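>>> sequence first, predicted model second:
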Amino acid sequence: MKAVRFHSYGGPEVLKIEEIDVPEPGPGQVRIAVRAAGVNPIDWKLRAGYMREMMPIPLPAGSGFDAAGVIDAVGDGVSGVSVGDAVFGKGHHTMAEYAILQEWALKPDGLSFEEAAGFAVAVETAARIIDQVGVKRGETLLVSGAAGGVGSAVIQLARAAGIRTIGTASEPKHAYLRSLGAIPTTYGPGLAGRVAALAPEGVQAALDIAGSGIIQELVAITGGDPSRVLSITDPTAPQHGVKTSFEPKDSTQALAGAAALFTAGSFTLPVERVFPLDRIAAAHELSAQGHVTGRLVITID
Ligand SMILES: NC(=O)c1ccc[n+]([C@@H]2O[C@H](COP(=O)([O-])OP(=O)(O)OC[C@H]3O[C@@H](n4cnc5c(N)ncnc54)[C@H](OP(=O)(O)O)[C@@H]3O)[C@@H](O)[C@H]2O)c1
């Protein structure tokens, strides 16, 4: 099968499309014929070698952590799905004609393979960090970096849980944030004042998704309590008493929940751009610029 691979860390040019063996699903796994795979910032960070201390990977390596496609083989102990089912989920090396998924949900009929491909990493991360930051129904959550994949999922999962969100993005993306259910504001100097004007009763929790070095500002905005702030990007956060979250959790329930919300008309992760597999380097470059709205995906013919 064709698969994206890289043999050394480096720029996008190290990404190659190679012929490799089709992987076999282990116990509790399924194999899909991939129709589309999500592009996540972790993909280019791993490829560039930025994660080699935290997440060492054997080289040559594949790329991609989420995908949507049609099940073509089922491992031992798998129940509830069978060959021919359309699913989306989390796996490894999903930028390939076939990929193994560890966690999945049935793809709703009205959800395209392209959009479904971008669900898993964003939904798993969003569900985990809403839970870990400890924000409750009726409270207000500040989302720093709200217009990308994770932020878009956070806003909608929070709304479904009765949590109000204020999300930061550049001005042209404010209508997009509003469409997902957030109150938008711009990032940059003066954030505390803008948030105070939007939420005079205060903000009970904050998520640092953008990793733009504003941990202390977020602590001040949430009333000075660092336990109400969580970062998924800033390894220096603990120096300020702020939790980080880097370990994925089992996402089976969260993926099924997002599928149900999609069917109910209250969850969507718009795809900004679709690339064919052989344009993977361009997809990494665009992701690395840091201004994607919603998701980027690659498709497999
Ligand atoms: N720890 C974990 O478990 C975990 C899991 C998933 C992702 N992550 C990390 O979380 C980060 C976000 O992931 P993602 O998939 O959401 O990325 P993404 O889709 O690439 O996010 C892009 C968005 O970030 C916004 N942005 C850029 N600079 C900003 C700033 N200074 N303030 C506020 N927003 C800003 C952009 O909005 P504008 O265009 O308006 O600037 C853009 O819409 C990445 O660094 C990723 O590696 C961590």
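Sure, I can see it.
>>> once you drop chain neighbours, what's closest to the residue in the stretch 1-150 of the chain that the ligand sits nearest to?
Per Cβ to the nearest ligand atom, residue 148 is where the stretch 1-150 of the chain lies closest to the ligand, at 2.1 Å. Where you see a C-beta, it was placed from the backbone N, CA and C, and this is true even at glycine. Nearest residue to residue 148 in three dimensions, chain neighbours excluded: residue 292, at 5.6 Å (Cβ to Cβ, 6 or more residues apart in numbering).
>>> contacts only, for that neighbour.
148-149, 272, 286 (Cβ atoms under 8 Å, 6 or more residues apart in numbering).
>>> buried set for the top helix by length along the chain?
Identified as the longest helix of the chain according to DSSP state H is helix 119-133. The neighbour-count criterion (16 or more other Cβ atoms under 10 Å) identifies 119-130, 133 as the buried residues of helix 119-133.
>>> packing partners for that helix?
With contacts taken as 3 or more Cβ pairs under 8 Å, 6 or more residues apart in numbering; DSSP states H and E, helix 119-133 sits against strand 30-39, strand 66-74, strand 86-92, strand 98-106, helix 149-160, strand 205-208, strand 229-231, helix 252-263.
>>> any idea which helix or strand comes after that helix?
strand 140-144 (DSSP states H and E).
>>> ok, that next one: who's next to it in the sheet?
strand 164-168 (parallel), strand 205-208 (parallel) (DSSP bridges).
>>> would you reformat these as CSV and include distance to the ligand?
Formatted as CSV, these follow (distance: least, Cβ to the nearest ligand atom, whole Å):
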stretch, distance to the ligand
strand 164-168, 4
strand 205-208, 9
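>>> format the ones you listed as a markdown table; extra columns: mean neighbour count and mean pLDDT.
Output for these, formatted as a markdown table (neighbours: other Cβ atoms under 10 Å; pLDDT from 0 to 100):
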| stretch | mean neighbour count | mean pLDDT |
| --- | --- | --- |
| strand 164-168 | 26 | 98 |
| strand 205-208 | 27 | 98 |
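>>> could I get those as JSON lines with distance to residue 13?
Below are these laid out as JSON lines (distance: least, Cβ to Cβ, whole Å):
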{"stretch": "strand 164-168", "distance to residue 13": "33"}
{"stretch": "strand 205-208", "distance to residue 13": "32"}
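>>> now residue 65, nearest residue through space, not along the chain?
residue 121 (5.3 Å).
>>> what score does that neighbour have for pLDDT?
We note a pLDDT of 98 for residue 121 in this prediction.
>>> test my guess that it contacts residue 66.
Yes: counting by Cβ atoms under 8 Å, residue 121 touches residue 66, with 4.7 Å between them.
>>> cool, thanks, talk later.
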